[in-house]
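Undergrad: Here is a sequence together with a model predicted from it:
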Amino acid sequence: MRISTTVGIYLVFLCPAAMAQTAQFKCPKPNTVVEYADGGVATWQSAGSNYCQIHTKQSNGSEQVSYWFAPTFGIRDSSAGSYASQVKPWTFWPLAVGKKFTGQFSGAGNTPGYQGTWDDTAVVERFEKVVTKAGTFDAFVVTKKEQALSHNYKSTSTAWYAPEPGVIVKYTFTDNQGINRSSEAIAITQ
């Protein structure tokens with residue numbers, strides 16, 4: 001009886017934290033800067049009702065303003081309104097392990113002047129501790145698979161989203177066009 005009582009106490013007090021972990025939508029403080037090992041920089045600018053505006057500088061030097069709705073759901077500002085109205089990515093919140101999201105978008109993609117139709121499916125795979133050069137974070141691991149219906153394109157992106165400080169601290173991206181990127185945060189300034 002004593003062993004089962006000890007196991008019961010362990011399950012009640014220690015396991016629920018991982019099993020019941022959720023995260024509500026929030027944007028980090030304006031001017032929070034995340035520097036990544038690949039040379040990319042994300043500067044969180046402002047918050048809307050269901051998105052965060054981010055200025056990003058890619059490792060190749062290109063810059064853009066994006067709207068971030070949830071881990072793996074971000075799009076250039078020129079397409080954000082149409083994307084948001086069709087996909088409704090804010091409904092992915094609150095994040096919880098096992099939560100799944102699907103949506104479809106038709107319109108201009110992230111490549112200027114390109115039109116298409118894409119299916120997006122995302123799932124919160126797990127909640128884990130991740131160690132990066134910027135520190136150790138409790139993070140939701142979110143994977144999104146995107147498939148074009150209008151042309152031959154597939155991609156998989158995974159983001160480690162740390163509710164504190166509210167940013168992506170690690171990511172990977174691959175597609176069937178030969179792009180294979182991954183990076184981690186090396187510095188976070190708030």
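TA: Yep, it's here.

Undergrad: Show me what residue 183 is bridged to.
TA: Here residue 183 sits in beta bridges with residue 171, going by DSSP bridges.

Undergrad: Around it, count how many other residues there are.
TA: By other Cβ atoms under 10 Å, 19 other residues sit near residue 183. In short, each C-beta sits where N, CA and C put it, glycine included.

Undergrad: so what's it up against?
TA: 36-38, 40, 59, 170-171 (Cβ atoms under 8 Å, 6 or more residues apart in numbering).

Undergrad: Return the closest of the residues you listed with respect to residue 66.
TA: Lowest distance from residue 66 to those (Cβ to Cβ) belongs to residue 40, with 12.1 Å.

Undergrad: about what we covered before: can you tell me which of the contacts of residue 183 has the lowest confidence score?
TA: In terms of pLDDT, the weakest of those is residue 59, which scores 84.

Undergrad: export the contacts of residue 183 to JSON lines and tack on distance to residue 101?
TA: Shown next, in JSON lines, are the contacts of residue 183 (distance: Cβ to Cβ, whole Å):
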{"residue": "36", "distance to residue 101": "25"}
{"residue": "37", "distance to residue 101": "28"}
{"residue": "38", "distance to residue 101": "27"}
{"residue": "40", "distance to residue 101": "25"}
{"residue": "59", "distance to residue 101": "28"}
{"residue": "170", "distance to residue 101": "20"}
{"residue": "171", "distance to residue 101": "17"}
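
Undergrad: need the strands for the protein, in chain order.
TA: With DSSP state E as the criterion, the chain has strands at 22-23, 32-36, 41-47, 52-57, 63-70, 73-76, 95-96, 100-108, 115-132, 135-148, 154-162, 167-175, 180-189.

Undergrad: quick revisit: in the contacts of residue 183, which residue is surrounded by the most others?
TA: Ranking those using other Cβ under 10 Å puts residue 36 first, with 26 neighbours.
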